[in-house]
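Asker: Model the structure of this input:
(2 chains)
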2 protein chains.
Amino acid sequence: MIKPLKTADLIIAAGTDAADLRYVSGFAAPDSFLWFRCGGECAIVVSQLEYSRALASVKPGVNVLLLENLGARSWVDAALTIARSRGIGTFRVPADFPLALAERLRGGCVGVVAQMGTFCPERQFKSQTEKDAIIRALRVTEQGMRRAVEVIGAASVGNDGVLRYDGEILTSERLRFEIDSRLLRLGAVAVDTIAAAGVQSAAPHQVGSGPIRAGVPIVIDIFPRMNDSGYWGDLTRTVAKQEMAPVVAAAYDAVKRARDLTEPMMVPGAIPADIHCRAQQILTEAGFPTGRDQNGAYGFFHSLGHGVGLEIHEDPRISPGNRQPLRGGEVITDEPGVYYPAWGGVRLENMIYVGQNGAERLTVIEDDPVIP
Amino acid sequence: MIKPLKTADLIIAAGTDAADLRYVSGFAAPDSFLWFRCGGECAIVVSQLEYSRALASVKPGVNVLLLENLGARSWVDAALTIARSRGIGTFRVPADFPLALAERLRGGCVGVVAQMGTFCPERQFKSQTEKDAIIRALRVTEQGMRRAVEVIGAASVGNDGVLRYDGEILTSERLRFEIDSRLLRLGAVAVDTIAAAGVQSAAPHQVGSGPIRAGVPIVIDIFPRMNDSGYWGDLTRTVAKQEMAPVVAAAYDAVKRARDLTEPMMVPGAIPADIHCRAQQILTEAGFPTGRDQNGAYGFFHSLGHGVGLEIHEDPRISPGNRQPLRGGEVITDEPGVYYPAWGGVRLENMIYVGQNGAERLTVIEDDPVIP
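Answerer: This next block holds a predicted model:
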């Protein structure tokens, strides 16, 4: 009779944004390290360079092994050594596990099975500690938004309709700097903060550039990551200096309605696709249809929302394709928007906790579309 | 007679830091997109959300296709559709191509071969445009360092030996904020900027926390990425307020010697391992040996340098394991350091262009170890 080989979990990844690795180990590093779980054993393997930092950071129950002590010269060597010494026949790895590492492990006669979908499905359901970390990130995010509103409020409007601030023309770049600098002071880093004005705001991922004018929509989407915890905040507001053109104001009302009427639907048992479609229906009925013409897509052409945690975009997706019911414990965004090349876009975003007793809005900052 | 199937190149990746994808396409996006090259055809496939931005950004010769127009609902669908319509039998993909995508492509009867090592080996050899982009990033990085020196210079020293700045105790966190804020103003984002003082600086990746004292080494390692170009700068200096303890000053001299004597070795034909070992030899001869005891590693226990470009750490590695000769055109760091738990560390880093006529130092900021 032979002893059957075991199956173990394995991650080899790099970067402080390697979310699964950080979640299971508690540790984050710029360079690669390895994590495995085999039966009751759970450990990371790090290089000498990271040993002391790793010891100080790992979650309870996670051991720290030194690459050099395994007699290994590479992560593949280390994984093969671990497989041999523990009797492991197959590693289960995340969907994004590097193909080349998988091929080399297979060349060493160990099976590698990619986990389709989510490697740590429990990451969707936040612990109290995680929820607190996300709320803290969101409070910092809101301070970034307050800074933006403060700057636009302090700006004057020239005879040419262009905003002036601090003796200069106020550009998207300057507004972004003012937001990002405030976030930095509060321990968070933002990349690609969106401050897109006028027709630029018609492209949802356009970060914006150049002078900002009075009266046009300014889409401000702020999504920083806390340096200490690694958790993200996410917040979008659309504002205008002094006045909002009638079509933009109408779009604003419709988007706000779509956001606020979908919020109470974010409860255990709800189907994400249904929530998304309800938002689309509200927008269409308000006169803001979704479609496509020779200029591309217009209307509401992104998902209503997404999970937020150690990744800015994670499960669950609140999208037309997701029919997996919410279970409770998710932190998700509720961010309808409409976009038309003729005048720009409006997007409004809150973060919602899917509580067992109903949807709990985590965002506290007010909606103030027109800044005097 | 049958028509043989073609081999094509394929990348599916996400994130503005997906360096190979950005290099081959000219485009960067937070969400996934697909790039392929088949014979004379080169194109990216993007979702509607990114279409207009992609059109405006791609390199000459790269077409932009819409996911929806391929009748595809996923990137795997899109790749299989492309394979069928072009007669592609095998895709060559980068080493870090996600295993789950590879398995699904294979399930669709297309071969997938991971390129071991570097997918775009030409990325090591910088064009003039790339070299200029790196120099621009380095000039911004140097402004961050000047800000650090300015703040430490403006700080006073309390009777307790702790630095005061702007009415507060000067901490590593505050110093990091001052550096990162300057970088932000100049269009660059830094994560994990190191400002580690005293014994904290003995761990090379320790970012530093808490009050900074006079007389101790402060290792400042700044590596921001330019928002527009995506290229990185990298710079390390070690400074002390008012005075440097004799052992630290001796280590400083040895590290500076190791850096400056290895610089002229960075020429076409040189073996990176030899350059690394020369630095180690200089440090050992100066009385700063490398080794390991019960507290872990001490001395010079990281690589001498690495390539810099669209990734902060890329090929070529200037490490004991790399015997692949330099060819010319590389931009690499020259950053020896020594670390001892008893007093901390010293690291000094310049960036070097491996020119056909010799090593060209790109870093222009001076070495000023003691700040009055």
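Asker: Report the angle between the strand or helix carrying residue A:106 and helix B:99-107.
Answerer: Counting by DSSP states H and E, the element that carries residue A:106 is helix A:99-107. If you take axes from the mean of the first three to the mean of the last three C-alpha atoms, to 10 degrees, helix A:99-107 sits at 70 degrees to helix B:99-107.
Asker: helix or strand right after helix A:99-107?
Answerer: Going down the chain from helix A:99-107, the next helix or strand is strand A:111-114, by DSSP H and E.
Asker: any idea how far residue A:99 lies from chain B?
Answerer: Using C-beta to the nearest C-beta, to the nearest Å, residue A:99 is found at 4 Å from chain B. To be clear about C-beta, it is placed using only N, CA and C from the backbone, and glycine gets the same treatment.
Asker: Now do the contacts for that residue.
Answerer: B:93, B:95, B:96, B:97, B:98, B:99, B:102, B:112, B:114 (C-beta atoms under 8 Å, 6 or more residues apart in numbering or on different chains).
Asker: quick one: contacts for residue A:27?
Answerer: Residue A:27 makes contact with A:21, A:33, A:44, A:46, A:50, A:53, A:54, A:57, A:58, A:62 under the criterion C-beta under 8 Å, 6+ apart.
Asker: Not counting sequence-adjacent ones, nearest residue to it?
Answerer: residue A:57 (4.5 Å; C-beta to C-beta, 6 or more residues apart in numbering or on different chains).
Asker: Would you agree that neighbour is in contact with residue A:33?
Answerer: No: using C-beta atoms under 8 Å, residue A:57 is not in contact with residue A:33, being 11.2 Å away.
Asker: which one's the longest helix in chain A?
Answerer: The single longest helix within chain A, with elements called by DSSP state H, is helix A:128-154.
Asker: who wins for neighbours among the contacts of residue A:99?
Answerer: Neighbour counts for the contacts of residue A:99, by other C-beta atoms under 10 Å in any protein chain shown, peak at residue B:97, which reaches 28 neighbours.
Asker: where's that one relative to chain A, distance?
Answerer: Noted for residue B:97: a distance of 4 Å to chain A, by C-beta to the nearest C-beta.
Asker: Surely that residue touches residue A:98?
Answerer: Yes: counting by C-beta under 8 Å, residue B:97 touches residue A:98, with 7.1 Å between them.
Asker: Mutual contacts of the two, please.
Answerer: Here residue B:97 and residue A:98 share the contacting residues residue B:114, scored by C-beta under 8 Å, 6+ apart.
Asker: Take the contacts of residue A:27 and write them to JSON lines, including secondary structure, distance to residue B:223 and pLDDT.
Answerer: Formatted as JSON lines, these follow (DSSP: H, G, I helix; E, B strand; the rest coil; distance: C-beta to C-beta, whole Å; pLDDT from 0 to 100):
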{"residue": "A:21", "secondary structure": "helix", "distance to residue B:223": "21", "pLDDT": "96"}
{"residue": "A:33", "secondary structure": "strand", "distance to residue B:223": "19", "pLDDT": "95"}
{"residue": "A:44", "secondary structure": "strand", "distance to residue B:223": "24", "pLDDT": "97"}
{"residue": "A:46", "secondary structure": "strand", "distance to residue B:223": "21", "pLDDT": "95"}
{"residue": "A:50", "secondary structure": "helix", "distance to residue B:223": "17", "pLDDT": "87"}
{"residue": "A:53", "secondary structure": "helix", "distance to residue B:223": "17", "pLDDT": "87"}
{"residue": "A:54", "secondary structure": "helix", "distance to residue B:223": "21", "pLDDT": "94"}
{"residue": "A:57", "secondary structure": "helix", "distance to residue B:223": "21", "pLDDT": "92"}
{"residue": "A:58", "secondary structure": "coil", "distance to residue B:223": "25", "pLDDT": "96"}
{"residue": "A:62", "secondary structure": "coil", "distance to residue B:223": "28", "pLDDT": "97"}
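Asker: Specify the local secondary structure of the residue most central in space within chain A.
Answerer: The geometric centre of chain A, computed from its C-alpha atoms, lies nearest to residue A:312 (C-alpha atoms, centre = their mean), at 1.0 Å. With DSSP: H, G, I helix; E, B strand; the rest coil as the basis, residue A:312 sits in coil.
Asker: Smallest gap between the stretch 201-350 of chain A and chain B, at which residue?
Answerer: Here the residue of the stretch 201-350 of chain A nearest chain B is residue A:297; by C-beta to the nearest C-beta that distance is 4.3 Å.
Asker: Would you agree that residue falls within a helix?
Answerer: No: assigned with three-state DSSP, residue A:297 falls outside any helix and is strand.
Asker: Look up how far residue A:90 lies from the residue of the stretch 101-250 of chain A found nearest chain B.
Answerer: Nearest residue of the stretch 101-250 of chain A to chain B: residue A:114, at 4.1 Å (C-beta to the nearest C-beta). To residue A:90, residue A:114 is 11 Å away according to C-beta to C-beta, to the nearest Å.
Asker: circling back to that earlier point, enumerate the positions of the longest helix of chain A that are buried.
Answerer: A:130-131, A:133-138, A:140-145, A:147-149, A:151-152 (16 or more other C-beta atoms under 10 Å in any protein chain shown).
Asker: pLDDT on that helix, on average?
Answerer: Per-residue pLDDT over helix A:128-154 has a mean of 98.
Asker: So what are the sheet partners of the helix or strand following it and their directions?
Answerer: Sequence order places strand A:156-157 as the next helix or strand after helix A:128-154, per DSSP H and E. Sheet pairing of strand A:156-157 (DSSP bridges) gives strand A:163-165 (antiparallel).
Asker: residues in contact with the strand it pairs with?
Answerer: By C-beta under 8 Å, 6+ apart, strand A:163-165 touches A:151-152, A:154-158, A:169-170, A:174, A:211-214, A:241.
Asker: For residue A:247, what is the enclosing helix or strand?
Answerer: helix A:246-262.
Asker: what's that helix packed up against?
Answerer: Counting contacts by 3 or more C-beta pairs under 8 Å, 6 or more residues apart in numbering or on different chains; DSSP states H and E, helix A:246-262 packs against strand A:235-241, helix A:272-285, strand A:337-340, strand A:344-347.
Asker: Identify all contacting residues around that helix.
Answerer: For helix A:246-262, contacts defined as C-beta under 8 Å, 6+ apart pick out A:216-217, A:238, A:240, A:244, A:275, A:278-280, A:282-283, A:286-288, A:300, A:304, A:334-338, A:340, A:343-344, A:346-350, A:367, A:369.
Asker: All set now, cheers.
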